[in-house]
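Colleague: Below: sequence and its predicted model.
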Amino acid sequence: MNKIEISEGLFLTSDYCAWYKKERTVIVADFHLGYGTVLKEDGMSIPTFQMENILDRLANIKNRYEPDSFIVLGDFKHNFGRSKSQEFNEILDIVDYLMEDCSLIMIKGNHDNYLQNYANIKGVPFYEKNMLLEDMSLTHGHLKIRWEGLQIMGHEHPAIEIKDEVGSKLRLPCFLYHPKREIVVLPAFDPLSEGRNVIESDSFFSKNLEGIKPDNFQIYAISEQGILDFHKVQEVREAGSYFG
């Protein structure tokens, strides 16, 4: 199963995105373009596959859904300051690729200082805090907003860590969904972001989630087999020995 419908026409997918079929719109978050360069400058030896992997994921999305538009929920770039030449080129290359056959909208994340300059170059609509898509409120998640209907956000980079009987561990990026509170948290689109294990977390980073415990969020993890339903965070905790 590569997608699961959580409300009418809104799907969480194994392609690291939400797909709103009615409007033929893909919703993604947390590209963190330039993160690989930052890690290298910090002395970490890693393969330079971030850009290639992101382009592959976007190509898969385009081929599978044939969207009319993409909405990026913040942290399109990684460097807090002005982009260096490689990050700048990556940003424009990804924007060009998305806009070859789709429209593009950006919402500012906490890493996106100066991103509006690049959005203006390409004529991309840019929202400082949030936007509405019919009855859904879309935001990055680092700023407090008032919302009605379903809130879709990024920022948290949720993941679940599982282990087998011999202690081998595997961390899978995941969606979090709280039907009662009407909240969806997207996984990071960035392949270098390991993610934060929601099973070990008692709180969230987001100001919009202050005072909300992770316990009753539904976990939909992304794996090579597609979307896996792990049920609620609290239920996974209670499962015991096979989960980290």
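Modeller: It's in. Source: prediction; values computed, not measured.
Colleague: Quick check: H157 vs P191, distance?
Modeller: Distance from H157 to P191, counting by Cβ to Cβ, to the nearest Å: 12 Å. (Glycine included, C-beta is placed from N, CA and C.)
Colleague: what's the helix or strand hosting S137 packed up against?
Modeller: Assigned by DSSP states H and E, S137 falls within strand 136-139. Helices and strands touching strand 136-139, by 3 or more Cβ pairs under 8 Å, 6 or more residues apart in numbering; DSSP states H and E, are strand 130-133, strand 150-153.
Colleague: Just the C-alpha atoms of it, please, in CSV.
Modeller: C-alpha atoms of strand 136-139 as CSV (Å, rounded to 0.1, in the frame of the first residue of the first chain):
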residue,chain,number,x,y,z
MET,A,136,-7.1,23.0,5.7
SER,A,137,-4.5,25.3,7.4
LEU,A,138,-1.0,24.7,6.0
THR,A,139,2.1,25.9,8.0
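Colleague: For S203, which of the helices and strands packed on strand 136-139 is the nearest?
Modeller: Smallest distance to S203 across these (Cβ to Cβ): 15.2 Å, for strand 150-153.
Colleague: Which SSE is immediately downstream of that closest one?
Modeller: Sequence order places strand 158-163 as the next helix or strand after strand 150-153, per DSSP H and E.
Colleague: For that following strand, what is the distance to the chain centroid?
Modeller: 16 Å (Cα atoms, centre = their mean, to the nearest Å).
Colleague: In this protein, where is pLDDT below threshold?
Modeller: Where the chain drops to pLDDT under 70, the residues are 35-49, 78-85, 164-166, 240-244.
Colleague: picking up where we left off before, in terms of neighbours, single out the busier of H157 and P191.
Modeller: Using other Cβ atoms under 10 Å as the criterion, H157 and P191 rank with H157 on top: 23 against 20.
Colleague: Give the closest residue to that one in space, chain neighbours not counted.
Modeller: A188 (4.4 Å; Cβ to Cβ, 6 or more residues apart in numbering).
Colleague: Determine whether the claim that the one you found is in a helix is correct.
Modeller: No - assignment of A188 by DSSP: H, G, I helix; E, B strand; the rest coil gives coil, placing it outside any helix.
Colleague: For it, give me its contacts.
Modeller: Contacts for A188 (Cβ atoms under 8 Å, 6 or more residues apart in numbering) come out as 16, 29-30, 32, 154, 157, 173, 195.
Colleague: Longest helix in the chain, by number of residues?
Modeller: Ranked by residue count, the top helix of the chain under DSSP state H comes out as helix 50-65.
Colleague: Okay, buried residues for it please.
Modeller: For helix 50-65, a neighbour-count test (16 or more other Cβ atoms under 10 Å) marks 50-51, 54, 57-58, 60-62, 64-65 as buried.
Colleague: tell me what the strand or helix carrying L228 is packed against?
Modeller: Secondary structure from DSSP H and E places L228 in strand 226-232. For strand 226-232, the packing partners by 3+ Cβ pairs under 8 Å, 6+ apart come out as strand 3-7, strand 218-223.
Colleague: redo that, cut-off 6 Å
Modeller: Applying 3 or more Cβ pairs under 6 Å, 6 or more residues apart in numbering; DSSP states H and E, we find strand 226-232 packed against strand 218-223.
Colleague: Contacts for stretch 103-117 next, please.
Modeller: 69-78, 80, 82, 98, 119, 124-128, 140, 142 (Cβ atoms under 6 Å, 6 or more residues apart in numbering).
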